[in-house]
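> Structural data only, the sequence is not supplied:
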Ligand code: KIV
């Protein structure tokens, strides 16, 4: 997979599948799956470190997780999230951040929004950095929204998001994540853009879909957003396995003779 395959998939009408990943073990498993591409999301701050938002995903943390995934992901295409504000401090700071993420193993970077930093995106893409956009609900702006809310419900908001999508494409983005927007708006943007749209909570008409790996594996037992489908009950499976191990240790049935050295 490469940036050109993203565009080819759209022209050929092939859907794209993406999930997040933050560590080597899961990256090894993903490398053996048919998933098209992996996002080292800034959601690492929440999923792996227990923070309440993605704002805590600093560059050092993103580099660390990107490098771990890159060691296990084989030939998979890797996109790494640019940290909050790292693309709002001018072209030079953005290039430096993207450089570090790509040196850690990313093939492309993702950043949220476009207004006020379309020139930065243009400079990045002209410098050979593939950029994936992210519109609709932008989790790094959670405090500006006053919570995680569906975006683009009003006609005015929907027009704004469509305008931003056009601007992103014009700035050179090779794909755009659409998060938590109504189905009809995602459909309109997908039909209008030449670059692929990757949806999360944006309905079935996007060119591809992305989910947080731990969510789609059923590992988040505390909270399940409406748009998540759990394709496995891994969380329950882990708890069951731990309880079986606990019982085996306490009953003395583990380790057996076969599991011991003479
Ligand atoms: O960081 C992340 O997990 C993301 C996805 C929600 C697209 O940006």
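Arrived safely. On a predicted model such as this, the values are computed, not experimentally measured, just so you know.

> who touches stretch 55-68?
22-24, 27, 40, 42-45, 48-49, 51, 78, 80-84, 86, 97, 100-101, 104-106, 140, 142-143 (C-beta atoms under 8 Å, 6 or more residues apart in numbering). In this view, the C-beta of every residue, glycine as well, is placed from N, C-alpha and C.

> could you list every residue that touches residue 138?
Contacts of residue 138 (C-beta under 8 Å, 6+ apart): 112-113, 179.

> Can you report how many residues lie near residue 41?
28 (other C-beta atoms under 10 Å).

> Go ahead and confirm it touches residue 83.
No - the pair residue 41 / residue 83 is not scored as a contact, 11.3 Å apart, by C-beta atoms under 8 Å.

> what about residue 11, how many residues close to it?
Residue 11: 9 neighbours (other C-beta under 10 Å).

> where does it land on pLDDT?
With respect to pLDDT, residue 11 has a value of 97.

> correct me, but residue 213 touches residue 20?
Yes - applying C-beta under 8 Å, one finds residue 213 in contact with residue 20, separated by 5.2 Å.

> Distance of residue 184 relative to residue 201?
14 Å (C-beta to C-beta, to the nearest Å).

> Next, the distance between the ends of stretch 175-192.
13 Å (C-alpha to C-alpha, to the nearest Å).

> Pull out the buried positions in that stretch.
Across stretch 175-192, burial judged by 16 or more other C-beta atoms under 10 Å covers 175-182, 185-190.

> rewinding a little: selecting buried members of the contacts of stretch 55-68 in PyMOL, what would you type?
A single PyMOL command selects the buried members of those (16+ other C-beta under 10 Å):
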select buried, resi 22+23+27+40+42+43+44+45+51+78+80+81+82+83+84+86+97+100+101+104+105+106+140+142
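
> Which of the contacts of stretch 55-68 fall within strands?
40, 78, 80-81 (DSSP state E).

> Please list the residues of the protein that sit near the ligand.
20, 39, 41-43, 81, 177, 179, 200, 210, 212 (C-beta under 6 Å from any ligand atom).

> if we can go back for a sec, JSON lines please, covering the contacts of residue 138 and showing distance to residue 156.
Formatted as JSON lines, the contacts of residue 138 follow (distance: C-beta to C-beta, whole Å):
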{"residue": "112", "distance to residue 156": "20"}
{"residue": "113", "distance to residue 156": "17"}
{"residue": "179", "distance to residue 156": "19"}
